[in-house]
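K.L.:
From the sequence below, what's the structure:
(chains A and B)
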Amino acid sequence: MKNEFQPSPCRILNVKHESEAEWTYRVESDARPEHGQFMQLSIPRVGEAPISVSAHGDSWLEFTIRSVGKVTDDIFRKKAGDVLFLRGPYGHGWPTDCFKGKHMVVITGGTGLAPVRSMLNMFLENEGFVKDVYLICGFKNENGIVFKQELAQWESRFHTIYALDTDHKEGFRTGLVTEFVREIPWKSFEDNYAIAVVGPPPMMKFTGMELLKNGVREDHIWMSFERKMSCAVGKCGHCRIDETYVCLDGPVFNYTTAKDLVD
Amino acid sequence: MSCRLSMEQADKVLAELRRTYRVFAPKLFPKQGRYSDTDIVRYAEIEHVNEIEFDRKSDFPAKEVLSPIQRTTFYFTEEDYRENLHEQLPALIFGRACDINAQKIQARIYDGNGGFTDPYYKSVHDTAKFILMECGSGWDSCFCVSMHTNKTDDYAMAIRKDEDAFSIEIKDDAFAPYFQGMASCDYKPAFVGKNELTVKVPVIPDKQVLTKLKNHPMWREFDKRCISCGSCTVACSTCTCFTTRDVVYTENTNAGERRRVTDSCQIAGFDQMAAQKEIRSRAGDRMRYKVLHKFHDYDARFHEGSMCVGCGRCIDRCPEFISIAATLDKMNKALEEIEQNQEKKAANK
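P.N.:
Residues are numbered from 1 along each chain as shown, chains lettered A, B, ... in the order given. Modelled structure (predicted):
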């Protein structure tokens, strides 16, 4: 029987500093995750943490990691050539089949951009997969801006609004993402649209409320959740909300389910 | 078939069984309780039948054998994780009807939830067999009859201890050879038919009522009363939550082991992610999370009834004397109140 808890060693190919606290690790791996799935990253001596896959290619995966915990702090000491341990991918990612041919609205807060990054690049590479993309990305401040190169690429092809919470910077608006929701031309979409929201819990809550205020249909909204996990396979109980396990049933949920997920 | 054994005969059978099985039973550890001069009854491997504690309810359930409080899952070096899953003798466990029924619940989570099977639980559970212990009239914190877990037919053998002899029913033919030549009798195990304590399992009709119940002031009482120690979940027959802990053997080496350690939703930090606020920061919120899992969420996911088997061990172990039975009464009252308010609102429309 396969031991689902067995981590496999993966060589780090390179490390890119997105910002001071957010680094992207490219590791060698044959895993084929769906957009929005996550994996368990392991460091012997330290432990495991669930991290979403921020990009993937033929024989590599990328993880964009914020140095905020025991596991991630230790990962920041690793360099190209070192080994990370992985298991997964786990969970249900973005339902891209359901997004096909639609006006796609993507709203992110901070590093919440990581779980939609590979999907946005897929939209970029496959012209016509979705009708068009409206992207609202909010960052706390200038130091929090990630994927700068890609932000520029997306800007050239998508309808983008990039914003900083309170700071001022050229090319960026000032304000919370919720303030820009009304600028999306909802009426012109004629019900043919889908929305992906991902960010810190308060950001997702208020974005959901703002979307509904704008007359958006609940079942057109999808949200990606983040919860504490130890096992990622529905055993350890940490990510459970009522009868739902975020690791198994999520991390991406339709809003009709997500709105009832009160911890 | 059933037979009657003297103490000496039972000890001989046990010695024979121990060649093929690891035999676990509730055992009394004198003066090792949590207060001075108190004892504790917990699961341990036994060699002699007189080690088995028949008269008291064990302080901890049979899950001590199947999902131990701590176990090593991997041994690691810097570049390698080696799984710690070696073959061992199957477990033969003396347990009560609640313990046996609890394993159906643990198995639902460890062996199947989301299509994943936990190899560590499975390695013990799949070959484990139970010897059902009779409970007599039960104990004052038991409410198994209300939870429909007072009976079971899922056992290999059943046992009753009389003064100086045992009556045993052998249901699993694999055990028949051990009892050849013993005096036969017509023993069948008796189950508890009535508990002193009864509960009414609350019915939560829909998500709307669930949300109202979550926000009901009844949970605020526990902010002060519950000290978030997690004793209830460790003593719970069915709780499965765990965390992962890596341990190094010495400070200067990269060799060590990864352990699975029992965790509790009642303890602060259970839901806390790195650099984020705790989600359920009040003791009452954690209590609500646990109680609703037992009496609503588990059933909502698996459609198999409650996650509680009414063993009452959480009541026995709580240092603050919080009773799950009394909590259910409060929940039922809160639900009545919610229903009445809804009716009032509907009438006013």
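K.L.:
tell me the pLDDT at the spatially closest residue to A:Arg32 that is not a sequence neighbour?
P.N.:
Nearest residue to A:Arg32, sequence neighbours excluded (CB to CB, 6 or more residues apart in numbering or on different chains): A:His56, at 7.2 Å. Any C-beta I mention is one placed from the backbone N, CA and C, and that applies to glycine too. At A:His56, the pLDDT value in this model is 95.
K.L.:
A:Gln149 belongs to a helix?
P.N.:
Yes: the assignment for A:Gln149 by DSSP: H, G, I helix; E, B strand; the rest coil puts it in a helix.
K.L.:
same for the host helix or strand of B:Tyr289, what does it pack against?
P.N.:
Taking DSSP states H and E as the criterion, the element that holds B:Tyr289 is helix B:283-292. Applying 3 or more CB pairs under 8 Å, 6 or more residues apart in numbering or on different chains; DSSP states H and E, one finds that helix B:283-292 contacts helix B:207-214, helix B:221-225, helix B:324-348.
K.L.:
Residues touching the next helix or strand after that helix, excluding its own?
P.N.:
Note on helix B:283-292: by DSSP H and E, the next helix or strand toward the C-terminus is helix B:298-302. Helix B:298-302 is contacted from outside by A:242-244, B:105, B:108, B:304-307, using CB atoms under 8 Å, 6 or more residues apart in numbering or on different chains.
K.L.:
Now do helix B:298-302, average pLDDT.
P.N.:
On average, helix B:298-302 scores 97.
K.L.:
Show me what counts as buried in that helix.
P.N.:
B:298-299, B:301 (16 or more other CB atoms under 10 Å in any protein chain shown).
K.L.:
Find the centremost residue of chain B, please.
P.N.:
B:Ser237 (1.1 Å; CA atoms, centre = their mean).
K.L.:
In which helix or strand does that one reside?
P.N.:
Per DSSP H and E: nothing holds B:Ser237, as it lies in no helix or strand.
K.L.:
what's the pLDDT at it?
P.N.:
98.
K.L.:
Test my guess that it contacts B:Pro61.
P.N.:
Yes: counting by CB atoms under 8 Å, B:Pro61 is a contact partner of B:Ser237 at 4.0 Å.
K.L.:
before we move on, the earlier item: let me have the helices and strands packed on helix B:283-292 in CSV, adding mean pLDDT and mean neighbour count as columns.
P.N.:
Converted to CSV, the helices and strands packed on helix B:283-292 look like this (pLDDT from 0 to 100; neighbours: other CB atoms under 10 Å in any protein chain shown):
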stretch, mean pLDDT, mean neighbour count
helix B:207-214, 94, 16
helix B:221-225, 96, 15
helix B:324-348, 94, 15
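K.L.:
Give me every residue in the stretch 1-150 of chain A lying close to chain B.
P.N.:
Residues of the stretch 1-150 of chain A lying close to chain B (CB under 8 Å from any CB of the partner chain) are A:1-7, A:9, A:42, A:44-49, A:66, A:68-72, A:83, A:85.
K.L.:
Filter the residues you listed down to just the ones in helices.
P.N.:
A:70-72 (DSSP state H).
K.L.:
wait, which of those is closest to chain B?
P.N.:
A:Thr72 (6.6 Å; CB to the nearest CB).
K.L.:
Give me the spatial nearest neighbour of the closest one, chain neighbours excluded.
P.N.:
A:Ile65 (5.2 Å).
K.L.:
same check, this time on B:Arg258
P.N.:
Going by CB to CB, 6+ apart, B:Arg258 has B:Phe74 as its nearest residue, at 4.1 Å.
K.L.:
all strands in the stretch 101-250 of chain A, in order from the N-terminus.
P.N.:
A:103-109, A:132-139, A:159-164, A:173-174, A:193-198, A:221-224, A:240-241, A:244-245 (DSSP state E, counting those that start in this stretch).
K.L.:
Can you tell me which helices and strands the third one packs against?
P.N.:
If you count contacts as 3+ CB pairs under 8 Å, 6+ apart, strand A:159-164 packs onto strand A:132-139, helix A:148-157, strand A:173-174.
K.L.:
Save these as CSV, and put in mean neighbour count too.
P.N.:
Output for the helices and strands packed on strand A:159-164, formatted as CSV (neighbours: other CB atoms under 10 Å in any protein chain shown):
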stretch, mean neighbour count
strand A:132-139, 22
helix A:148-157, 14
strand A:173-174, 14
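K.L.:
Any idea which of those gets closest to A:Gly215?
P.N.:
Nearest to A:Gly215 among these is strand A:132-139 (15.5 Å), distances taken as CB to CB.
K.L.:
Enumerate every residue touching the closest residue to B:Val41 other than its chain neighbours.
P.N.:
Distances taken as CB to CB, 6+ apart put B:Ser58 closest to B:Val41, at 4.4 Å, once the chain neighbours are dropped. Going by CB under 8 Å, 6+ apart, B:Ser58 touches B:26, B:41-43.
K.L.:
Which residue, neighbours along the chain excluded, lies closest to the residue of the stretch 1-150 of chain A found nearest chain B?
P.N.:
Chain B sits closest to A:Gly69 of the stretch 1-150 of chain A, with a gap of 2.8 Å, by CB to the nearest CB. Leaving aside its sequence neighbours, A:Gly69 sits nearest to B:Ala274 (CB to CB, 6+ apart; 2.8 Å).
K.L.:
And the pLDDT for the one you found?
P.N.:
pLDDT, read off for B:Ala274, is 80.
K.L.:
B:Glu251 too?
P.N.:
For B:Glu251, pLDDT reads 69.
K.L.:
where does the residue of chain B at minimum distance from chain A fall, helix, sheet strand or coil?
P.N.:
Using CB to the nearest CB, B:Ala274 is the residue of chain B that sits closest to chain A, at 2.8 Å. Secondary structure state of B:Ala274, per three-state DSSP, is coil.
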